[in-house]
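Trainee: The following comprises the amino acid sequence and a computationally predicted model.
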Amino acid sequence: MSYKAGQSATIPNAIFKAMGPPGSPSIERDLAATGIAATQIRRMNLNESPYPPSAQAIAAMQAACSTVNYYPDPKWRDLVAAISGETGIAENRIVLGNGSDELIVNAGKIALNPGDEMLVPVPSFPGYDKSAEINQAALVRVPVRQDGAPDVDAMAAAITDKTRIVYCATPNNPTGGLIGTAELERLSQAVPASALFIVDEAYYEFGRHAGGDDHLQMLQARQGPWVSFRTFSKAFGLAGIRVGYALCGSDDLANAFQQARSVFNVNAVAQAAALAALRDPDHTQWILTQTAEERRRLDAGLRRLGCRPFPSVGNFIAAATDRPTADIVAALAARGIMISRLMAPGYQDYLRITVSTADDTDALLAALSDILAA
Ligand SMILES: Cc1ncc(COP(=O)(O)O)c(C=O)c1O
């Protein structure tokens with residue numbers, strides 16, 4: 001049998017052949033058609049911070065640039081020491097990732113084999129699905145509660161002897177629901193030691209700001225494997241620099257995350273930025289306070305327009321609408337406003353909007369009002 005140049009029946013692996021390109025081609029197409037300059041686009045689709053990072057982080061990045069002829073510290077020593085100081089987790093149980101996205105991918109490599117089951121709340125972060133798909137594991141989806149928090153009891157009931165990963169995101173993206181420690185403990189106790197319990201805390205700082213619990217003490221008493229993922233992408237305003245971290249429940253698990261990564265996975269500029277951001281808590285608090293105020297305004301505005309938002313504590317709000325969400329997303333994109341919509345089965349009526357600046361909130365609500373009235 002012969003193949004066209006560059007084509008093969010076996011390479012790449014069929015799983016990868018079946019996957020589409022990352023990103024959202026339709027939004028990108030809609031935006032390109034507007035001709036609006038990239039700097040004028042209102043980015044309310046990726047749960048980024050609309051505010052720049054700490055001035056100290058910017059200065060640290062600039063300083064780090066002058067030594068990028070050298071490879072970065074592959075053990076990220078200064079940053080790990082600082083994270084250990086903040087969290088109380090031993091340094092050898094902290095593993096950094098190129099964003100927590102890398103850790104999500106690596107968790108799949110570490111824990112999943114073909115035919116295994118991975119339990120996720122739905123709707124939740126789509127990155128989980130991909131890690132199951134790549135490892136040929138089956139996704140078991142458990143709908144969130146009415147308050148948008150993962151349904152810990154329904155998840156506990158869905159565990160089988162094939163379950164190898166149980167994901168619980170708190171606050172959950174895209175619904176913004178928060179889990180209390182006592183509830184999370186119920187789920188933790190139901191997850192057998194044969195499965196990895198992953199608490200995705202990408203929005204941890206927002207949850208704490210809203211009065212939520214810190215779960216680490218409870219998790220450290222868990223009998224089976226567990227890991228918490230956190231990130232500098234959200235509350236620290238460093239999404240573009242790509243630093244996330246895993247707080248691991250055992251030396252064995254930390255070692256597995258170490259083996260699964262590439263050696264220089266977090267670059268020197270990123271390490272400097274994250275360290276400086278951690279040392280400037282006032283800036284983080286300022287971002288959290290601004291976000292809470294704009295979230296309140298956005299939630300109220302969406303309700304006035306007849307949308308039905310989940311009560312979020314994150315830097316985003318998911319809201320149901322009676323109009324086709326694809327049309328709304330496209331109409332907003334035509335006005336230079338990017339938002340997203342939920343694709344998860346059962347939640348196609350929902351838009352997800354990142355909490356941004358006051359100016360962005362006003363522009364979004366005015367545009368949405370027009371679109372819904374048309
Ligand atoms: C719940 C959740 N987990 C993980 C991530 C990945 O974040 P990052 O790779 O930027 O750390 C995101 C990003 O939006 C998220 O919403």
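Mentor: Sure thing, it's come through. From a predicted model like this one, the values you see are computed outputs, not experimental measurements.

Trainee: From what I see, Thr87 and Leu216 are in contact.
Mentor: Yes: under the criterion of CB atoms under 8 Å, Thr87 is in contact with Leu216, at a separation of 6.3 Å. Backbone N, C-alpha and C define where each C-beta goes, glycine included.

Trainee: Show me the strands in the stretch 151-300 of the chain, by range?
Mentor: Using DSSP state E, counting those that start in this stretch, the strands of the stretch 151-300 of the chain run over 163-169, 196-200, 226-231, 244-248.

Trainee: could I get these as TSV with distance to the ligand, mean pLDDT and mean neighbour count?
Mentor: Shown next, in TSV, are the strands of the stretch 151-300 of the chain (distance: least, CB to the nearest ligand atom, whole Å; pLDDT from 0 to 100; neighbours: other CB atoms under 10 Å):
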stretch	distance to the ligand	mean pLDDT	mean neighbour count
strand 163-169	5	98	26
strand 196-200	5	98	26
strand 226-231	3	98	24
strand 244-248	4	98	25
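
Trainee: got the residues of the stretch 101-250 of the chain near the ligand?
Mentor: Asp101, Phe125, Gly127, Ala169, Asn173, Asp200, Ala202, Thr231, Ser233, Ala239, Gly244 (CB under 6 Å from any ligand atom).

Trainee: Which pair in these has the greatest spatial separation?
Mentor: Ala169 and Ala239 (17.0 Å; CB to CB).

Trainee: Which residue, other than its chain neighbours, is closest to Ser312?
Mentor: Gly176 (2.4 Å; CB to CB, 6 or more residues apart in numbering).

Trainee: ranges for the helices of the stretch 51-200 of the chain?
Mentor: 55-65, 77-87, 100-111, 127-134, 152-157, 181-190 (DSSP state H, counting those that start in this stretch).

Trainee: right, so those helices: which one is the most enclosed?
Mentor: helix 100-111 (a mean of 23; mean count of other CB atoms under 10 Å).

Trainee: before we move on, back to that, next, show the common contact partners of Thr87 and Leu216.
Mentor: Leu247 (CB atoms under 8 Å, 6 or more residues apart in numbering).

Trainee: ok so, going back, and which of the residues of the stretch 101-250 of the chain next to the ligand is nearest to Phe310?
Mentor: Closest to Phe310, out of all of these and judged by CB to CB, is Asn173, at 11.0 Å.

Trainee: List the contacts of the nearest residue to that closest one once chain neighbours are set aside.
Mentor: The shortest distance from Asn173 to any non-neighbouring residue, by CB to CB, 6+ apart, is to Phe125 (5.1 Å). For Phe125, the contacting residues are Ile104, Ala169, Asn173, Asp200, Ala202, by CB under 8 Å, 6+ apart.
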